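K.L.:
What shape does this take:
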Amino acid sequence: MHGIWLKSNRLRLVGKADVVEFHPQPGGPDIPFPVAYKRGKRKQWDNDDVQLCAQALCLEEMLGVAVPRGAIFHIKTKRRRAVEFTPALRGLTETTARQLHELI
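P.N.:
Here you go, the predicted structure:
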């Protein structure tokens with residue numbers, strides 16, 4: 001699905017996902033798999049991964065299912081890079097959201 005609006009009351013975030021795929025699971029609900037499209041090649045910072053993880057956290061809150069991974073598609077190189085939503089990345093994403101609200 002393209003252009004899905006996302007929201008997290010807990011993190012006080014709203015946004016729009018480029019694409020959310022739903023991967024079927026045997027005997028369970030389909031698992032959301034967010035995909036972000038980026039124009040350039042991979043950057044040295046984690047900002048793209050944090051943005052994608054924020055989308056996953058919103059999906060988890062909205063749908064009540066775990067979202068363990070997603071992907072970033074780099075348009076320039078036409079490569080898709082898998083991103084695991086590890087505890088460290090989830091923590092960084094939540095810290096970044098808090099810092100964003102402190103700045104605002």
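
K.L.:
Go through the protein and flag its longest strand.
P.N.:
strand 13-25 (DSSP state E).

K.L.:
Check which helices and strands that strand is in contact with.
P.N.:
Strand 13-25 sits against strand 2-8, strand 28-38, helix 47-63, with contacts defined as 3 or more C-beta pairs under 8 Å, 6 or more residues apart in numbering; DSSP states H and E. No exception for glycine: its C-beta is placed from N, CA and C like everyone else's.

K.L.:
quick check: angle from that strand to strand 28-38?
P.N.:
Interaxial angle of strand 13-25 relative to strand 28-38 (axes from the mean of the first three to the mean of the last three C-alpha atoms, to 10 degrees): 130 degrees.

K.L.:
any weak-confidence spans in the chain?
P.N.:
41, 44 (pLDDT under 70).

K.L.:
residue nearest the centroid of it?
P.N.:
The centroid of the chain falls nearest to Leu52 when counting by C-alpha atoms, centre = their mean (2.6 Å).

K.L.:
so which of the helices and strands packed on strand 13-25 is the most packed in?
P.N.:
helix 47-63 (a mean of 20; mean count of other C-beta atoms under 10 Å).
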